[in-house]
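[1] Kindly generate the corresponding structure for this input.
(one chain, ligands or ions: 1)
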Amino acid sequence: MQLTTVLKGRRSIRRFKEKQPSQKMIQKILEHALWAPSNVNQQPWDVYVVTGGKRLQVVERIKNIKRHIKTELDKEFYSNPKIIRLTLNFFENLGNAPVIILVYIPDFRQNVCCLDSEKKLIELSRIGCIQSASALIQNICLVAHQEGLGTCWMTGPAWAEQEINNVLGIEDRELVAVIPIGIPDQQPPAPPRKSDKLHWIGF
Ligand SMILES: Cc1cc2nc3c(=O)[nH]c(=O)nc-3n(C[C@H](O)[C@H](O)[C@H](O)COP(=O)(O)O)c2cc1C
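    Okay, the predicted model is just below:
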């Protein structure tokens, strides 16, 4: 597949088939994705790939935060109850995805400092790490699509970050995204893209 075809064809998948992709396939996807650029090549991410009983526990923790998500959705999408219903359904079981990928960065939120210059430095480091992790996440979603697998980049589950970390035994890390991955069981239409986002100056 051409890169442009992959870019346009990737969709957020929210329903998956039961069959679990092989560990070899997921490893291949991740090895390619790890070629993402990163802040001074720090590669500041940690990637956890979860299946089996631990997956069920993570899903359960995410399901428990539906009420927070509903409050946010009610505020933003009050005119579109269908979106609210679909999104909440997805939080119920992550579309039965057989595998969940979680991407973490070091936790800068624990740093306590007083000087403005120190605060700025920490903020910039955190932004660099989040942007690096985001490049990795996008790579995962794109390579997975190229290999016939579906993904959904999710930040909503961060509401349950502490609970998820307890299940996985993770400390001193910030959860950037949760990515259910598996064989797609749907072909969602492409949500339209906005046409007023490019600003040309001096052309
Ligand atoms: C940073 C980020 C966070 C997202 N969080 C969620 C989420 O919590 N739940 C969800 O269902 N989709 C989530 N999405 C997926 C978006 O809803 C989706 O990318 C968007 O609607 C465009 O659809 P497409 O990915 O099929 O092109 C997220 C996407 C991004 C980039």
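[2] In which helix or strand does the closest residue to Cys113 other than its chain neighbours reside?
    Nearest residue to Cys113 in three dimensions, chain neighbours excluded: Lys119, at 6.0 Å (Cβ to Cβ, 6 or more residues apart in numbering). The C-beta positions use only the backbone N, C-alpha and C, and glycine is treated the same way. For Lys119, the host element (DSSP states H and E) is helix 116-146.
[3] Quick one: check the top strand by length along the chain for contact with the ligand.
    Taking DSSP state E as the criterion, the chain has its longest strand at strand 173-182. No: residues of strand 173-182 contacting the ligand under Cβ under 6 Å from any ligand atom: none, with a closest distance of 6.7 Å.
[4] got the angle for the helix holding Lys119 vs strand 173-182?
    If you take axes from the mean of the first three to the mean of the last three Cα atoms, to 10 degrees, helix 116-146 sits at 10 degrees to strand 173-182.
[5] Identify each buried residue in helix 116-146, please.
    125-126, 128-130, 132-146 (16 or more other Cβ atoms under 10 Å).
[6] Same check on stretch 37-48?
    Ser38, Asn39, Pro44, Trp45, Val47, Tyr48.
[7] Could I get the contacting residues of Gln138?
    By Cβ atoms under 8 Å, 6 or more residues apart in numbering, the residues touching Gln138 are Ala36, Trp153.
[8] Can you tell me what sits against stretch 47-64?
    Residues outside stretch 47-64 that contact it (Cβ under 8 Å, 6+ apart) are 20, 26, 30, 91-94, 98-104, 136, 157, 160, 163-164, 167-168, 170, 178.
[9] hmm, which of the residues you listed are the buried ones?
    With burial judged by 16+ other Cβ under 10 Å, the buried subset of the contacts of stretch 47-64 is 20, 26, 30, 91, 93-94, 98-104, 136, 157, 160, 163-164, 167-168, 170, 178.
[10] circling back to that earlier point, most widely separated two among the buried residues of stretch 37-48?
    Within the buried residues of stretch 37-48, Asn39 and Tyr48 form the most distant pair, 20.7 Å apart (Cβ to Cβ).
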